[in-house]
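Peer 1: got a sequence here, can you model it:
(chains A, B, C and D)
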There are 2 protein chains.
Amino acid sequence: MQAKKRVSIADIARQLNISVTTVSFILNGKAREMRISDALIKKVETLIQQTNYQPNALAKSFRTGKTNTIGLLIEDISNPFFAQIARQIEDNAYKRGYRIFYASTENSIEKAREMIQLFADRHVDGYIITAPAGIEAEIKTLIEMKRPVVLFDRYFKGLQTSYVGVDNYTGTYDAVIHLLENGSRNIAFVTTDSAQSQMKDRLAGYKKALQEYGATAYVKKIPFDGQEGKEVTRHITAYLHSKSKVDAVFFATNYLLLRGLEALAVLGKKVGEEMRVVSFDDHEFFALFNPAITAVAQPVPEIASQLINLLLQELEQPDIQEKQFIQLPATLHVRASSVKKTHNAHVNN
Amino acid sequence: MQAKKRVSIADIARQLNISVTTVSFILNGKAREMRISDALIKKVETLIQQTNYQPNALAKSFRTGKTNTIGLLIEDISNPFFAQIARQIEDNAYKRGYRIFYASTENSIEKAREMIQLFADRHVDGYIITAPAGIEAEIKTLIEMKRPVVLFDRYFKGLQTSYVGVDNYTGTYDAVIHLLENGSRNIAFVTTDSAQSQMKDRLAGYKKALQEYGATAYVKKIPFDGQEGKEVTRHITAYLHSKSKVDAVFFATNYLLLRGLEALAVLGKKVGEEMRVVSFDDHEFFALFNPAITAVAQPVPEIASQLINLLLQELEQPDIQEKQFIQLPATLHVRASSVKKTHNAHVNN
DNA sequence: CTGAAAGCGCTTACAG
DNA sequence: CTGAAAGCGCTTACAG
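Peer 2: Residues are numbered from 1 along each chain as shown, chains lettered A, B, ... in the order given. The predicted model follows:
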């Protein structure tokens, strides 16, 4: 298979008439520690250059049990939010000598379970996970086995883990307050029926804001199982049709916004005029919609860098047992869709 | 580190008073071939269940040189097109027992080179690569070393490789014909100055269509190096401002469309009325723009499945030397932005 | 300061 | 039909 036989530590040692031990020490920067003579170090380093010696990472991993690999388990890599996070994690990880195995769970507990098992088989050094509901037990096992794990996007109450995510509660609260301040009093909240923490926190933020204004809650939970897009649009259409007083909608995810806009088109409701709209999770394209869509933006770079920082910290200092729970602030990007009396401008950012 | 010591083949053999050879054969489905007795097979299988034996993938990979890992080198995982491809490749690969290492190149030749090296270090079994310009030599080396490689999105003339991509030439040709048929005669083509094949093919398709109608070419090549978005917008604005006869624009990528829409907004040109617009690469959100954007869609699932098929074929039949060059048809999704006399409808798909 | 050797967990050619 | 043993390329405790 190999074009040429790769040169090994043994080859180097043989050519120099020294032991593999010495070569290995030099390779691993333990030369000083082992008080190997400078002359010998030079000789070895020169030969390594000349022969283009490449350590066999497989042998090394096998021997040490460390693979310099991180298992990244996300809901769906083709979702722009997760794709961006993945991108940044990748960058950070590579810079620090780690590679990424990734897999999408599609929020399926079976798939997540299988992937965690696969990652374990491959001896990943640590895990970054967006956990589907119901996977607590497996996460718990990993932690009990002292595997470094950082959750993100959603967490489990009562499970002591490191976690990084946006402050869903406050982010939603602020957005709903914004709608209330703009005069809406009948604000619908369109969400999924998922029991995941991030969805619950968004709902809680919405309710809290309403409560402060004494406004009525209109909550529509869309069944979460693999619903077709059209089906979701139909659900939203029917709901908004039945609640004729509703004058604003907060969509708890990007995806629901998409369907919601379709629903509003079906109902002939003009976004921004007859119906104010806000979405959770911003998107580069939202500024180009007409009207431009107001959205709660997650701090993607911060989330990604905190994730990898926490994980590497756990990796490199396995003794420190303190789990960190990090919530980062969201930012409300106000655009035409949520502001009173807006007429369809062109681009509005 | 390990919570408990993992059970090994040797443990199994010892407990049953047989040799590791026998256990290994049974584990690898060579029991029949080696004519091991059914009774023994049963005994071994039972013990494997009981002890929850998990083969050490690291040891196996080290020994066999096979890692069941694919290196996926893409331009940018956070680009929706690539993210979708990655998603589908992941699905296919996992089903067939392979894991993915991925990395984004950002079209940097240095980064690509480094990543190929890293993948090689990790002994990936095969490569799927969106190649930045100038990386031919490295790709050639991989092929000479008999490493399975499949390129996608762009290829190199004169480099014999397996390749999967959309038919950029015809896809663009059809879209420009569509604009011509709708009455546009001064159609601009906004592209990058990249020398990559897919960009060249798109340009060629544009020119061919113009030629058939005897129309004038208006080609604007935006410098490709890490330009800020605002800078790109400015380039496009200036160009379109200077070419007042232009009544339609084909944007050679999604990203350029985005900037182009901003430019048109700056110029106060109404998309679909004063200026017809088409983009290469469709996006779920384009149907929700106002007006909805006409786009050339790539067949993402087909591209992904062909990619993984080709690669696994090369992996599993390393002797077959025939490289396959696969071009898949694009689909033009006609929406309001490119059709004559459209007034801003709501949703139009 | 440096070396000889064991061992990580597998696979497989060889032998009987 | 099954086993004893070598060897993949490393790291590292032990010895001197």
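
Peer 1: and the strands in chain A?
Peer 2: A:69-74, A:99-104, A:126-129, A:149-152, A:162-166, A:187-192, A:218-222, A:248-251, A:276-280, A:294-297, A:325-328, A:331-333 (DSSP state E).

Peer 1: kindly format the C-alpha coordinates of the first one as CSV.
Peer 2: Read that as strand A:69-74. Only the C-alpha atoms of strand A:69-74 are listed here, as CSV (Å, rounded to 0.1, in the frame of the first residue of the first chain):
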residue,chain,number,x,y,z
THR,A,69,-9.3,14.0,18.8
ILE,A,70,-12.5,15.7,19.9
GLY,A,71,-15.9,14.3,19.2
LEU,A,72,-18.4,17.0,18.2
LEU,A,73,-22.0,15.9,18.4
ILE,A,74,-24.4,18.5,17.1
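
Peer 1: partner strands of that strand, parallel or antiparallel?
Peer 2: Strand A:69-74 sits in its sheet next to strand A:99-104 (parallel), strand A:126-129 (parallel), going by DSSP bridges.

Peer 1: cool, and the last one?
Peer 2: Strands flanking strand A:331-333 in the sheet, each with its direction: strand A:294-297 (antiparallel) (DSSP bridges).

Peer 1: now do the fourth one
Peer 2: Strands that pair with strand A:149-152, judged by DSSP bridges, come out as strand A:126-129 (parallel), strand A:162-166 (parallel).

Peer 1: which of the strands paired with strand A:69-74 has the lowest average pLDDT?
Peer 2: Here the lowest mean pLDDT among the strands paired with strand A:69-74 goes to strand A:99-104, at a mean of 90.

Peer 1: now that one: buried residues?
Peer 2: A:Arg99, A:Ile100, A:Phe101, A:Tyr102, A:Ala103, A:Ser104 (16 or more other CB atoms under 10 Å in any protein chain shown). Quick note: C-beta positions are derived from backbone N, CA and C, even for glycine.

Peer 1: closest to A:Ala86 out of those?
Peer 2: A:Ala86 lies nearest to A:Tyr102 out of the buried residues of strand A:99-104, by CB to CB, at 6.4 Å.

Peer 1: wouldn't that closest one be in contact with A:Leu72 here?
Peer 2: Yes: when contacts are counted by CB atoms under 8 Å, A:Tyr102 is listed as touching A:Leu72 (4.2 Å).

Peer 1: what is the mean pLDDT for stretch A:213-224?
Peer 2: 93.

Peer 1: pretty sure A:Ala204 sits against A:Thr170.
Peer 2: No: applying CB under 8 Å as the test, A:Ala204 and A:Thr170 come out as separate, 10.2 Å apart.

Peer 1: for A:Tyr218, which residues are in contact?
Peer 2: Shown in contact with A:Tyr218 (CB atoms under 8 Å, 6 or more residues apart in numbering or on different chains): A:Asn186, A:Ile187, A:Ala188, A:Phe189, A:Lys243, A:Val246.

Peer 1: what about the first one, distance to DNA strand C?
Peer 2: A:Asn186 is 63 Å from DNA strand C, where distance means CB to the nearest atom of the strand, to the nearest Å.

Peer 1: ok, A:Pro55 - how many residues close by?
Peer 2: Counted with other CB atoms under 10 Å in any protein chain shown, residues neighbouring A:Pro55 total 15.

Peer 1: so it is in contact with A:Ile26, correct?
Peer 2: No: judged on CB under 8 Å, A:Pro55 makes no contact with A:Ile26 at a distance of 11.8 Å.
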